[in-house]
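Asker: take this sequence and fold it.
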Amino acid sequence: MLRFRAFGFPIQIHFSFLLLLVLFIDSGFSAIAIALWTVAILISVVLHELGHAATVRRLGGHVEGITIYALGGATMWRERETRLRNWKHFVIAAAGSAVGLCLGMGIYLFVRAGGMGETARFIVESPWRVDLRLADLSGNYLIFFVSAFIWVSVVWGLFNWIPIGGLDGSKMLRVVLLKVLGPSGDLHSRIIGMVIGAGAAVWLWQRGARLGAMLVLVFSASDLLSYRRSGSTPT
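Answerer: Predicted coordinates:
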């Protein structure tokens with residue numbers, strides 16, 4: 001594992017992160033583009049987790065560490081002597097994607113304003129419609145990297161707010177249901193996350209994203225099975 005610190009938080013990159021390179025092998029992108037895709041994902045995920053960690057620290061919790069995996073990250077934290085109120089748990093869960101969305105949209109608006117030239121404006125049509133293939137074929141690797149970062153930060157940030165089991169949206173829903181239903185809200189949120197996850201998996205499978213469909217099911221099922229798990233809170 002690669003270990004370092006950022007803003008006082010210990011971060012480790014798990015060896016499984018290298019699996020991303022395997023997933024990109026048949027993508028048709030050049031080696032440089034694949035490397036830049038991987039770096040863009042890494043930076044986006046690290047910033048996402050730092051958003052969680054900084055919010056935990058600001059609201060009075062204690063961050064034990066951040067781990068970056070192949071398909072996301074986890075910020076391990078715990079409460080101190082004073083228990084955090086429910087709304088703080090909601091804010092902590094939402095903070096990761098909020099950071100990515102703000103940065104991604106900020107860079108997107110800069111590009112659309114002409115800050116990187118007309119070629120970049122043509123390649124970055126919208127945050128979720130970026131022509132990475134054209135950027136790669138034309139050798140515009142700075143634009144490729146920026147476009148990849150925008151797409152990952154915005155699209156994944158929004159997707160992560162959907163209440164699918166294992167994602168931040170499910171944790172946000174859990175806070176709401178705990179407030180409304182009491183302790184049973186925890187289990188209800190996980191069941192809802194599994195149901196929505198199954199629906200998302202079917203939608204992805206029908207569109208040919210079979211790996212994504214299987215991953216959504218794994219996340220949802222793991223979240224439901226971890227119902228009785230205790231200890232540090234992963235975000």
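Asker: I'd guessed residue 158 sits against residue 98; true?
Answerer: No. If you go by C-beta atoms under 8 Å, residue 158 and residue 98 don't touch, sitting 10.8 Å apart. C-beta here means a position set from N, CA and C on the backbone, and glycine is covered the same way.
Asker: which is the succeeding secondary structure element to the one helix or strand residue 197 maps to?
Answerer: In this assignment (DSSP states H and E), residue 197 forms part of helix 184-206. As assigned by DSSP H and E, the chain's next helix or strand after helix 184-206 is helix 210-225.
Asker: residues in contact with that next one: which ones?
Answerer: 23, 71, 164-167, 170, 190-191, 193-194, 196-198, 200-202, 204-205 (C-beta atoms under 8 Å, 6 or more residues apart in numbering).
Asker: measure how far that helix is from the centre of its chain, please.
Answerer: On the basis of C-alpha atoms, centre = their mean, to the nearest Å, helix 210-225 is displaced by 15 Å from the centre of the chain it belongs to.
Asker: list the buried residues in that helix.
Answerer: 212, 213, 215, 216, 217, 219, 220, 221, 223, 224 (16 or more other C-beta atoms under 10 Å).
Asker: same question, stretch 58-67
Answerer: In stretch 58-67, counting by 16+ other C-beta under 10 Å, buried: 59, 61, 63, 64, 65, 66, 67.
Asker: need those in TSV with secondary structure, distance to residue 145 and pLDDT, can you?
Answerer: Shown next, in TSV, are these (DSSP: H, G, I helix; E, B strand; the rest coil; distance: C-beta to C-beta, whole Å; pLDDT from 0 to 100):
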residue	secondary structure	distance to residue 145	pLDDT
59	helix	33	94
61	coil	33	93
63	strand	29	95
64	strand	31	95
65	strand	28	96
66	strand	23	97
67	strand	24	95
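Asker: redo the residues you listed as JSON lines? Include distance to residue 181.
Answerer: Formatted as JSON lines, the buried residues of stretch 58-67 follow (distance: C-beta to C-beta, whole Å):
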{"residue": "59", "distance to residue 181": "24"}
{"residue": "61", "distance to residue 181": "24"}
{"residue": "63", "distance to residue 181": "29"}
{"residue": "64", "distance to residue 181": "29"}
{"residue": "65", "distance to residue 181": "32"}
{"residue": "66", "distance to residue 181": "31"}
{"residue": "67", "distance to residue 181": "31"}
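Asker: which one of the buried residues of helix 210-225 is nearest residue 79?
Answerer: Of all those, residue 79 sits closest to residue 223, with 20.4 Å by C-beta to C-beta.
Asker: which pLDDT value belongs to the closest one?
Answerer: pLDDT recorded at residue 223 is 83.
Asker: check contacts around the nearest residue to it once chain neighbours are set aside.
Answerer: Excluding its sequence neighbours, the residue lying closest to residue 223 (C-beta to C-beta, 6 or more residues apart in numbering) is residue 165, at 3.5 Å. Applying C-beta under 8 Å, 6+ apart, we find residue 165 in contact with 190, 193, 194, 196, 197, 219, 220, 221, 222, 223, 224.
Asker: mind checking what secondary structure residue 165 has?
Answerer: coil (DSSP: H, G, I helix; E, B strand; the rest coil).
Asker: how about residue 3?
Answerer: State at residue 3, reduced to three classes by three-state DSSP: strand.
Asker: host element of residue 73?
Answerer: Using DSSP H and E, residue 73 falls in strand 72-78.
Asker: please consider this matter closed, and thank you.
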